[in-house]
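A.B. asks: Generate coordinates for the sequence data below:
(one chain, ligands or ions: 2)
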Amino acid sequence: MVKVVKFGGSSLADATQYRKVLDILSQDQHRRVIVVSAPGKRFPSDTKVTDLLIKYENGDENEVSLARQLIIERYQAIAEAFKVSDQRFEPIREYLSDLVNLYYVNRKARLAHFKAAGEHLNAILMAEVLQAQGMSARFVDPSELGITVHGDYNNAILDQNSYSKIQDVSANLLSDTDYIVVPGFYAYNDAGEVCTFSRGGSDITGAILARGFQAEMYENFTDVDSIYSANPHVVKHPHSIREMTYREMRELSYAGFSVFHDEAIIPAIEAQIPIVVKNTNHPALPGTLIEPEQNFRSDREITGVVSSNHFAALYLHKYLLNREVGFTLKLLQILYRYGISYEHMPSGIDDLTIIFDKNQVSNAILPNLLEDIHRELQTDQLEWIDDYAILMIVGEGMRDKVGIVDRIVDALARDQIGIQMINQGASRISTMLGVHQNQADQAVRQIYKEFFESKVGVEQ
Ligand SMILES: Nc1ncnc2c1ncn2[C@@H]1O[C@H](COP(=O)(O)OP(=O)(O)O)[C@@H](O)[C@H]1O
Ligand SMILES: N[C@@H](CC(=O)OP(=O)(O)O)C(=O)O
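C.D. replies: Ligands and ions are numbered 1, 2, ... in the order given. This is a model prediction of the structure:
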């Protein structure tokens with residue numbers, strides 16, 4: 001049995017962090033499939049290597065050479081600390097320099113290739129460091145594992161047949177080495193071009209490998225002791241979550257718990273592999289276990305509260321909308337024409353609101369989109385609401401308890417926070433509210449206070 005262990009950028013930011021990672025690996029022989037991110041921030045005002053690579057791809061002449069220099073220094077400092085020879089380090093330097101000379105189909109393909117270099121080079125370096133410590137370790141590229149993707153170059157979607165390909169090669173790969181080191185965040189499309197997942201996507205690679213290797217566990221190492229009930233940047237010293245279900249995590253990460261990528265839950269669910277989120281800086285702490293619903297027992301009412309500002313809403317009013325056959329179909333056909341997906345669509349008798357991820361609707365297409373909707377659907381009122389935040393309150397405990405929504409609404413009303421929309425998820429484990437962006441953090445604090453403030457410390 002193996003464990004897949006993913007180390008985030010903060011866990012690999014410099015040689016000190018690398019050392020902690022080596023310790024963590026040595027503590028459990030099952031930790032053999034290692035997924036790495038690019039080096040992250042060493043201190044709050046630092047720049048992640050992925051962001052330096054974006055500058056390297058699209059900056060002006062000065063920015064480009066500065067970015068290349070800064071990137072190489074990040075890897076070099078780690079290599080030197082572990083006595084990786086210049087000769088072994090040279091390919092890393094060359095790879096980085098060659099990026100600007102390769103042929104790319106278009107700018108998006110080029111950007112993806114540059115971004116992926118952060119993980120690619122870090123995985124090569126990690127394998128070198130392990131070898132320099134006398135361990136047997138091998139860099140394994142996603143192409144060797146048969147991981148393929150489709151869709152946008154910078155927002156790729158996994159091909160489902162990747163799992164069987166990983167399974168086919170997994171035993172062989174582990175037979176002659178203790179560790180395989182796989183770069184997270186990217187894979188290849190049918191044409192053999194590099195594509196990345198969305199930002200934070202090394203979590204997704206880890207989950208794919210956990211399923212592909214039929215791992216006993218997927219351990220995700222980061223820089224917090226656990227997943228908290230609220231973003232620690234919004235609520236001071238929030239309550240730690242010891243255990244939660246897959247679907248709670250999926251809803252919370254989708255809505256803004258950036259500690260774990262929402263798409264990374266899916267492979268784990270499909271193969272029913274438990275996920276543990278742990279702190280590289282305090283690995284002895286239990287962290288947070290994310291597990292199937294059937295294993296889960298808890299008395300708590302809600303598990304977490306989160307808000308996110310990257311949404312916008314289209315409010316549409318038309319009398320007798322409810323009587324018009326095919327109204328929603330026509331609306332969705334317009335969105336389809338524009339290649340836009342939507343997030344939610346709560347509706348009433350004469351109106352509906354469509355909530356979009358802002359990245360889906362650029363300012364360039366917005367006027368035409370609104371005009372088409374107005375003309376083709378003969379709407380009475382059409383309003384684009386840019387100032388929109390979604391507040392999500394999630395918990396398995398909400399399903400069986402009466403009065404939770406009343407408490408949420410009361411808590412917000414006490415602080416004069418207006419609710420623009422309210423929607424209970426069909427699974428009944430989440431309630432979603434639309435609020436103004438400038439009240440979103442305050443709304444999180446109010447809900448947190450209502451449900452958690454009386455309970456102090458870590459959950460038992
Ligand atoms: N509910 C939450 N619980 C824990 N961390 C959270 C939460 N919401 C946001 N975060 C943030 O997520 C960060 C960890 O995620 P990330 O930066 O992607 O780490 P990594 O570098 O390990 O990939 C934490 O430092 C914290 O600021
Ligand atoms: N390095 C990529 C992918 C990733 O998952 O990074 P991190 O583990 O630092 O969140 C990014 O910054 O988006």
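A.B. asks: contacts and neighbour counts: CA atoms only from here.
C.D. replies: Noted.
A.B. asks: show me what contacts the residue most central in space within the chain?
C.D. replies: By Cα atoms, centre = their mean, the chain has its centre lying nearest to H261, at 2.3 Å. If you count contacts by Cα atoms under 8 Å, 6 or more residues apart in numbering, H261 has them with G200, G201, D203, I204, S253, Y254.
A.B. asks: Which single residue of the stretch 101-250 of the chain ends up nearest ligand 1?
C.D. replies: Closest residue of the stretch 101-250 of the chain to ligand 1, Cα to the nearest ligand atom: T222 (3.3 Å).
A.B. asks: Next one: that residue relative to Q437, how far apart?
C.D. replies: Using Cα to Cα, to the nearest Å, T222 is found at 28 Å from Q437.
A.B. asks: Ok, G287 next?
C.D. replies: Counting by Cα to Cα - G287 and Q437 are separated by 31 Å.
A.B. asks: now do A268
C.D. replies: Distance, A268 to Q437, by Cα to Cα: 33 Å.
A.B. asks: Neighbour count: the two, which is higher?
C.D. replies: Taking neighbours as other Cα atoms under 10 Å, A268 and Q437 compare with A268 leading, 28 against 20.
A.B. asks: that older thread, restricted to helices, list the contacts of H261.
C.D. replies: Using DSSP state H, the members of these that fall within helices are D203, I204, S253, Y254.
A.B. asks: what about the last one, how many neighbours?
C.D. replies: What it means is Y254. Neighbours of Y254 (other Cα under 10 Å): 17.
A.B. asks: Contact partners for it?
C.D. replies: H261, D262.
A.B. asks: Over to the third one?
C.D. replies: Residues in contact with S253, defined by Cα under 8 Å, 6+ apart, are V259, F260, H261, D262.
A.B. asks: The residue of the stretch 101-250 of the chain closest to ligand 1 and V5 touch, don't they?
C.D. replies: No - using Cα atoms under 8 Å, T222 is not in contact with V5; the gap is 10.7 Å.
A.B. asks: So which of the two has more stuff around it?
C.D. replies: Comparing T222 with V5 by neighbour count (other Cα under 10 Å), the higher total belongs to V5, at 30 against 23.
A.B. asks: anything in the helix or strand hosting the more buried one near ligand 2?
C.D. replies: V5 belongs to strand 3-7 when assigned by DSSP states H and E. No - using Cα under 6 Å from any ligand atom, strand 3-7 never reaches ligand 2; the gap is at least 6.8 Å.
A.B. asks: That strand: how far from the chain's middle?
C.D. replies: Centroid separation for strand 3-7 versus its chain: 16 Å, with Cα atoms, centre = their mean, to the nearest Å.
A.B. asks: Ligand 2 contacts on the stretch 51-200 of the chain?
C.D. replies: So far as Cα under 6 Å from any ligand atom goes, the stretch 51-200 of the chain lies against ligand 2 at F185, R199, G200.
A.B. asks: Which member of the residues you listed is positioned nearest S37?
C.D. replies: In terms of Cα to Cα, no member of these lies closer to S37 than F185, at 7.2 Å.
A.B. asks: my guess is that closest one meets G200, correct?
C.D. replies: Yes - counting by Cα under 8 Å, G200 is a contact partner of F185 at 7.4 Å.
A.B. asks: Counting neighbours, go ahead and name the busier of the two.
C.D. replies: F185 (30 against 19).
A.B. asks: got the contact list for the more buried one?
C.D. replies: Counting by Cα under 8 Å, 6+ apart, F185 makes contact with 37, 116, 119, 196-205.
A.B. asks: roughly how far apart are T280 and D23?
C.D. replies: 10 Å.
A.B. asks: Quick one: mean pLDDT over stretch 284-304.
C.D. replies: The pLDDT scores in stretch 284-304 average 90.
A.B. asks: That stretch near ligand 1 at all?
C.D. replies: No - using Cα under 6 Å from any ligand atom, stretch 284-304 never reaches ligand 1; the gap is at least 7.4 Å.
A.B. asks: could you pull out the helices for the stretch 201-350 of the chain?
C.D. replies: According to DSSP state H, counting those that start in this stretch, the stretch 201-350 of the chain carries its helices in the segments 202-212, 246-254, 265-271, 327-338.
A.B. asks: With distance to ligand 2 and mean pLDDT as added columns, please give those in JSON lines.
C.D. replies: Formatted as JSON lines, the helices of the stretch 201-350 of the chain follow (distance: least, Cα to the nearest ligand atom, whole Å; pLDDT from 0 to 100):
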{"stretch": "helix 202-212", "distance to ligand 2": "4", "mean pLDDT": "98"}
{"stretch": "helix 246-254", "distance to ligand 2": "13", "mean pLDDT": "95"}
{"stretch": "helix 265-271", "distance to ligand 2": "14", "mean pLDDT": "96"}
{"stretch": "helix 327-338", "distance to ligand 2": "27", "mean pLDDT": "96"}
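A.B. asks: Please identify the deepest-packed of these.
C.D. replies: Most buried of the helices of the stretch 201-350 of the chain, by mean neighbour count (mean count of other Cα atoms under 10 Å): helix 202-212, with a mean of 28.
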